[in-house]
Each structure stands twice: as structure tokens, then as C-alpha cells.
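Engineer: I'll drop the sequence and a predicted model, then ask my questions.
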Amino acid sequence: MHGTIESASNLDALRERASSLPLEQFDPGDPELFRTDTFWPYFDRLRREDPVHYCKDSMFGPYWSVTRYNDIMEIETNHAVFSSASSLGGITIRDIDPDLRRESFISMDPPRHAAQRKTVAPMFTPTHLDNLALNIRKRSAECLDNLPRGEVFDWVDRVSIELTTQMLAVLFDFPWEDRRKLTRWSDIATTIPGPDGLVATEDERQAELTECAGYFARLWKERIEQPPKSDLLSMMAHGAATRDMDAKNFLGNLVLLIVGGNDTTRNTMSGSLLALSQHPEQYRKLRENRALLDSFVPEVIRWQTPLAHMRRTALADFEFRGKQIKKGDKVVMWYVSGNRDEEAIEKPYDFIIDRARPRTHLSFGFGIHRCVGLRLAELQLKIIWEEILERFDHIDVVGEPKRVYSSFVKGLETLPVKISA
């Protein structure tokens, strides 16, 4: 099964469509494929038949798809040709109006990228992570101890969102009572406006992001006037490369840190329980041998792939795998496809919590833009599962998850579960 509880006949119909549709009509970035979890056979076919694929027309305009593991790594490390710069469109398949583009260190090229990234890197040193671990464990225990028994509840809201939002509030030293604002701003930052969306229009989306900037600007002013502390905002307020950021760069970096700290961990926390419920033999293996948590965590991160892609823009004409990429073309690296590439990963469609090399995955990116907080994400996931296994023999998923309408954030909006009384 490809990560969903689809009926076999439905899956066969999906595969049939993906195998019969002409390749030139493929639009793997269609968010609807991700909402319905039906994109897998499209990427399977692209990796086999057209691993560097051009889509002429989509809701995001024309773009290239790079779908194989090693090809993605090659694009990711070629900064001379493939740019992350926000001025060219940044890191997602969706183009933002040039007036609304905001730089962040992930949407900068070398050498400027390194200086801003270094400013927040001390947050993720081993010593600092050891201190954070105590906090994470305490909050995880409280969260789990307050879960209802014998009744259905939403795991995403009660556990995944709550714990990641608490962590973000700690990282930013953000007012505790307002912490759910961070969740909202993270969702707003990545949402696609529309009649059924979180917001109906791009104007509404921008208004909420402006509110986010205003809130953080007040906190920033406080931090500048205080001696340096070990929270992300204070680090940036006192950092040589970040203290004089303009308003757009300020909001760009805030959104990056909020989304990076929220979406990825939240969706892996949700995805981990779904994966185990779909693979009961692996769940049993984990319960019987908790030492497997060390390989379970990276395997879940590969399996879920919480950000489905990253995008680059070509700075020059470039021939890649026999295809002519033109200057200005949008190139999408599909991590979600690379993480199912049979040539790089043995049995990639199997969820195996004791894999020999579980860290062979692209979920955190590769090269200079590799996720700065990846160790923290792994730590959060490991601790929550240590605490779950300590308390509950089993947590049952009792219904279909609702998935996010996005081909960038690969996540779950809701996941109904029940813990037996």
C-alpha cells in the first residue's frame, strides 16, 4: 500500500490512469493528488520513463520535475546553476508576486546564506539539545497524560500540533498563552488561498502574515534592549548578520523558522502513528524492542517526507540528463519521489523500522540548505515515542486521515484515534 488505506480496486484504477495518461500531460505538482494521496504511481512512472520531466502547463505555470534520488542531490549541490533566491521565486513550486517575495536564509545563495544560517545554528548544538530534551520530555508527558481514554479524538490537534507549538514557543521564548498563533501563521504561510482554504484570497493571507510580522517586531524590540539570551529571536536580534535585516528579510526568516519547526515535526508525529497503524508488525516490533527507536525515527521521516519538494530556478541554460533546461526555468526536486527511488533505497515502499541505513533519505534536503533543525526534529520524535511506549500498549487509528491540500507541505490535517480505556 502506498501510504494510504485506499481500497485495492481504487488503487488499481489510479495506477491505470497514471500508466495510460501521456507523459506530456503529467502534472505531478497538482495539490489535489496530494490531498487524495494518489500521486505515487505518477512519480513511479516518471522515475522509470522520464526522470527529468517538463510540465508545460499547471496552476503554478511550467516547471521541471526531478524525481530520482541521485539527480536531486546533483541539482541540490549545483548552486552555480540552480538558485534558491527569493528574488527569482524561492523554494516552492508556487510563484509569489515579486512585490511580496521575502528573503530567508534558505532562499538565499552562497555566500550570504551561510552568515544568516550561522546566527541560529547555536540553538541546535548537542549541549543545547540536551537542555531542550528535558523540556520536551516534561511537556510530552503532560500532553499524553491528559489524553482521553476510550473515546475518539484528533491526534493532530491534541498531540502533534500541541507539542510542536509548545516547542516553537520555547525556541522563540514566545508568549505561552498566544502559542497557537504560531500554528496559524505556519499554516497561513504555506496555504493556497481559495474558497475552501484557510483563507479565501492572497490579500487575506498577506494580512495575517503582516500581523505575524507586527507581533514579532514588538518582541524583537524587547530582545534588542535585553542582554543576549539563548532563544532564536534574541540570537537574530544580536547577530551581526541578522540584526539589521530589512522588514521582508525579517519576516522571511521568521516564516522559515516557524514552518521549519512546525510543519515538519508536526506532520512526522502524525505520520508516525499512521505508519505504525498500517504496519502492525512494525508496531509490535517497536513495542518489543524500544532500542529500535533510533532507526524508527529516520525511517518515519523518510516515509512521511513532510515537505514534498524544494524548488530552484536555473541561472543559465543547462543540459541535464539529456534535457535542455533554460535560464529562468523552474526546477522542482521531488523529495517525496527520491525517498521512494528503488535505485537508492532498498524496498522503498516498505516501512521497515530496523533498516540498515535509515538515514538514506532526502526529507531534510541535502548540502548547504539541509535542515538546520534536523537533530531537534529527530529528538522530539524519539522522546514522544519513548513516552507513548511507556504509557500505552496501543493507540488505534479509527478512521481515514484528512490530508493537506498542498504539493509542498505533505501533511495530515486530522487523524482520528482512540486509546482503549
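Structural biologist: That came in fine, so what should we check first?
Engineer: count of neighbours near residue 323?
Structural biologist: Residue 323 has 15 neighbours, counted by other Cβ atoms under 10 Å. All C-beta spots, glycine's among them, are computed from the backbone N, C-alpha and C.
Engineer: if I look at the nearest residue to it once chain neighbours are set aside, how far off is residue 357?
Structural biologist: Spatial nearest neighbour of residue 323, excluding adjacent residues (Cβ to Cβ, 6 or more residues apart in numbering): residue 52 at 4.6 Å. For residue 52, the distance to residue 357 (Cβ to Cβ, to the nearest Å) stands at 26 Å.
Engineer: Those two - which one has more neighbours?
Structural biologist: Taking other Cβ under 10 Å, residue 52 and residue 357 do not tie; residue 52 has more neighbours (18 against 10).
Engineer: unless I'm mixing things up, that one is touching residue 318, no?
Structural biologist: No: if you go by Cβ atoms under 8 Å, residue 52 and residue 318 don't touch, sitting 10.9 Å apart.
Engineer: Show me the helices in the stretch 301-421 of the chain, by range?
Structural biologist: Counting by DSSP state H, counting those that start in this stretch, the segments of the stretch 301-421 of the chain that form helices are 335-338, 374-391.
Engineer: all helices for the stretch 51-200 of the chain, in order.
Structural biologist: Using DSSP H, counting those that start in this stretch, helices in the stretch 51-200 of the chain cover 69-77, 112-120, 126-145, 155, 162-172, 180-190.
Engineer: Residue ranges of each domain in the protein, please.
Structural biologist: Following the assignment in the TED database, the chain carries domains at 1-63, 68-316+335-419.
Engineer: can I get those in a markdown table with distance to residue 327 and mean pLDDT?
Structural biologist: Converted to a markdown table, the domains of the chain look like this (distance: least, Cβ to Cβ, whole Å; pLDDT from 0 to 100):
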| stretch | distance to residue 327 | mean pLDDT |
| --- | --- | --- |
| domain 1-63 | 14 | 87 |
| domain 68-316+335-419 | 5 | 90 |
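Engineer: who touches residue 365 in this structure?
Structural biologist: For residue 365, the contacting residues are 76, 310, 335, 371, by Cβ atoms under 8 Å, 6 or more residues apart in numbering.
Engineer: Phi and psi next, for it.
Structural biologist: Per-residue torsions, residue 365: phi 80, psi -170 (degrees, to the nearest 10).
Engineer: for residue 352, same thing?
Structural biologist: According to degrees, to the nearest 10, residue 352 has phi -130, psi 110.
Engineer: which residue sits closest to residue 166, ignoring its sequence neighbours?
Structural biologist: Using Cβ to Cβ, 6+ apart, the closest residue to residue 166 is residue 139 (5.1 Å).
Engineer: Check residue 287 too.
Structural biologist: Using Cβ to Cβ, 6+ apart and skipping the chain neighbours, the partner closest in space to residue 287 is residue 389 (6.3 Å).
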